[in-house]
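S.K.: no FASTA, just this:
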């Protein structure tokens, strides 16, 4: 297909597609004439992957490039590529202070308590520490400056079960790149779906508790 | 406390605090002398709320202002203020096309199926439609261009139960502003915690399935 058709297929403007081509986020099409190139299904998938990472994952272009490099590196195992993608999906920010170190320590205990095989250097540990710090500051999970593990574990159990089941839906080794794509897209898309469902349910719960006519 | 102490208490630099004061994200302290002001616990909470919305919720400064206006408007009910905050937390982006309309329709069916009391105009519906579009494009929940409700409902059930339980942890009507704050901070902080836990579990599941020595 020509670039106009790729644009129609993906809902991404030709100008943006050309930008992706220049930035190396999208491989060149097959040249068919001067200034004409042919694009295939792999390009459609790649554009969708890039959009999912940017729109749903809030990734910067630099982080999208890191993820794509891992997806495309055939020498990298599926699991290692998934780890690179996971790390790129954690926002970089200044994290310091005793409280932050304390929360990272709580994350370590959490990972050990649930016997999760997670790299010690996995960036996502920082993301959980960020959230715990806020929850503790507002009095949710804190007790004597530590985290009350009961609430955290109650929150975690169905999530862990769901995630393991979700990973089992990644197709069997056929095309490694497709598999990595699946893991990465699944991470962001199921996460946003879960967050949106959670917010729908919270609005419902707020209505039921605070606004329903005749309540109390 | 002076502004330097507010900075220590919150981990936010004095320069950033002054920026928040200029932008109206933080109310002025009580003047004690020329160029000196006194800040209290309410300021500490407000700074933490602003940081949570920016860092964990990815909100723009304009959206943070909208949320704070709702928190501070005593004439607005808790539930309505929560709705404003919820809407501000959904990223604005161009959403159009037949596929998107189809996915919004799937969201409507989802909300009805689970009997959720959610405003028809709630922005978060768009966020779920975004995620469903990606999941469908990559072949997860799609079937004949529609969404397979089985996977979605399986994902949703524990999340809905958790969210309703979570809303019940918002304290009883004592101070309306504190209650709104709780709902808003809870939305972003539990969401990031849940996302981080999910990613930890996915890394674990990827290791178990694809990298564990001796597997298969």
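M.R.: Now that the structure is in, tell me what you want to look at. For clarity, every value in this text was computed on a predicted model and none was experimentally measured.

S.K.: all strands for chain A, in order.
M.R.: A:30-33, A:36-38, A:142-143, A:146-147 (DSSP state E).

S.K.: same for the top helix by length along chain A, what does it pack against?
M.R.: Longest helix of chain A, by residue count under DSSP state H: helix A:176-206. For helix A:176-206, the elements it packs on are helix A:41-51, helix A:61-72, helix A:78-88, helix A:149-167, helix B:78-88, helix B:124-137, helix B:149-167, helix B:176-206, judged by 3 or more CB pairs under 8 Å, 6 or more residues apart in numbering or on different chains; DSSP states H and E. Yep, even glycine has a C-beta here, placed from its N, CA and C like the rest.

S.K.: before we move on, the earlier item: so which of the strands of chain A gets nearest residue B:2?
M.R.: Comparing those against residue B:2 with CB to CB, the closest turns out to be strand A:142-143 (25.8 Å).

S.K.: for residue B:88, see how far away the spatially closest residue to residue A:6 that is not a sequence neighbour is.
M.R.: Nearest residue to residue A:6, sequence neighbours excluded (CB to CB, 6 or more residues apart in numbering or on different chains): residue A:39, at 4.6 Å. Note on residue A:39: its distance to residue B:88, by CB to CB, to the nearest Å, is 38 Å.

S.K.: what's the answer for residue A:25, then?
M.R.: Residue A:25 is 30 Å from residue B:88, by CB to CB.

S.K.: residues contacting residue A:80?
M.R.: Counting by CB atoms under 8 Å, 6 or more residues apart in numbering or on different chains, residue A:80 makes contact with A:70, B:211.

S.K.: pLDDT below threshold where in chain A?
M.R.: A:141-146, A:170-174, A:214-216 (pLDDT under 70).

S.K.: rerun that using 50 as the cut-off
M.R.: A:216 (pLDDT under 50).

S.K.: in chain A, which residue is most central in space?
M.R.: In chain A, the centroid-proximal residue (CA atoms, centre = their mean) is residue A:188; its distance is 3.4 Å.

S.K.: would you mind confirming that that one is in contact with residue A:51?
M.R.: No - taking CB atoms under 8 Å as the definition, residue A:188 is not a contact partner of residue A:51, at 10.4 Å.

S.K.: find the residues that touch each one of the two.
M.R.: Common neighbours of residue A:188 and residue A:51 (criterion: CB under 8 Å, 6+ apart): residue B:134.

S.K.: hang on, the earlier thing: the residue nearest to the centre of chain A and residue B:131, how far apart?
M.R.: 8 Å.

S.K.: what do these two both touch?
M.R.: Joint contacts of residue A:188 and residue B:131 (CB under 8 Å, 6+ apart) are residue A:56.

S.K.: could I get the strands of chain A as CSV with mean neighbour count?
M.R.: Output for these, formatted as CSV (neighbours: other CB atoms under 10 Å in any protein chain shown):
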stretch, mean neighbour count
strand A:30-33, 9
strand A:36-38, 14
strand A:142-143, 13
strand A:146-147, 18
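
S.K.: circling back: with distance to residue B:118 added, can I get the helices and strands packed on helix A:176-206 in TSV?
M.R.: What follows is the helices and strands packed on helix A:176-206, written out as TSV (distance: least, CB to CB, whole Å):
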stretch	distance to residue B:118
helix A:41-51	26
helix A:61-72	32
helix A:78-88	31
helix A:149-167	21
helix B:78-88	9
helix B:124-137	7
helix B:149-167	12
helix B:176-206	14
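
S.K.: closest one to residue B:97 among the ones you listed?
M.R.: Comparing those by CB to CB, helix B:124-137 comes nearest, at 9.0 Å.

S.K.: tell me what that closest one is packed against?
M.R.: helix A:41-51, helix A:176-206, helix B:98-113, strand B:146-147.

S.K.: between the ones you listed, which one is closest to residue A:93.
M.R.: Relative to residue A:93, the nearest member of those by CB to CB is helix A:176-206, separated by 18.7 Å.
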